[in-house]
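Student: What shape does this take:
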Amino acid sequence: MVDSASFNSAYNKNPFHFKHNLISYLSLCVDGRQVPSKPLTPAFDKGLWARSYMSIFQGTGTAWKDKGFDISYEEYGKGFSLFCFDTPTLTNGCSGEVELLKSGVVRLEARFSQALQQPIHVIVYAELHRSREVLSDFTP
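Tutor: Numbers count the residues shown, from 1 in each chain. All right, here's what the predicted structure looks like:
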């Protein structure tokens, strides 16, 4: 989440300042199924954001590995608040089964412990694996 002014290229704003805006609930639903099964419920006003911080490591595949991530726990609460959701958990995980490609509905639900002081933009970055786009009018 970034301030709308930052997103819209205000010269005096940092577009990489991902404020938490005192978010208290964040849930991603894919075709009506919540990912992960329990929503993220940080309490930034109380200094409690461990699950949200851990989502970065789980979402980038660096959890439980000897790899670092250049955002400390303290920095996370001061403007580096990114949230990651790993949607492959909708498949059968360890069984090796592959879910066929499909289309569906993705919904992001957010609640804040205080009203927003200014407009924000939610930036979504997605990596789509095993997908192909067919261009019917492609000419080399």
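Student: Could you report the neighbour count for residue 14?
Tutor: Residues within reach of residue 14, counting by other CB atoms under 10 Å, total 11. For the C-beta atoms, the positions are set from N, CA and C on the backbone; glycine is no exception.
Student: the strands in the chain, which residues?
Tutor: Assigned by DSSP state E, the chain shows strands spanning 2-3, 23-30, 33-40, 106-112, 120-121.
Student: Same list, the ones you listed, but as TSV with distance to residue 9 and mean pLDDT please.
Tutor: Converted to TSV, the strands of the chain look like this (distance: least, CB to CB, whole Å; pLDDT from 0 to 100):
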stretch	distance to residue 9	mean pLDDT
strand 2-3	11	88
strand 23-30	24	92
strand 33-40	29	87
strand 106-112	24	91
strand 120-121	12	90
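Student: For residue 81, find the nearest of the ones you listed.
Tutor: Taking CB to CB as the criterion, strand 23-30 is the member of the strands of the chain that comes nearest to residue 81, at 7.7 Å.
Student: elements contacting that closest one?
Tutor: strand 33-40, strand 106-112 (3 or more CB pairs under 8 Å, 6 or more residues apart in numbering; DSSP states H and E).
Student: Return the list of strands paired to the longest one, each annotated with direction.
Tutor: So the one you mean is strand 33-40. Applying DSSP bridges, strand 33-40 is found paired with strand 23-30 (antiparallel).
Student: Kindly report the same for the last one.
Tutor: Strand 106-112 has these partner strands in its sheet, going by DSSP bridges: strand 23-30 (antiparallel).
Student: Span of stretch 26-37 from start to end?
Tutor: Stretch 26-37 has an end-to-end distance of 12 Å (criterion: CA to CA, to the nearest Å).
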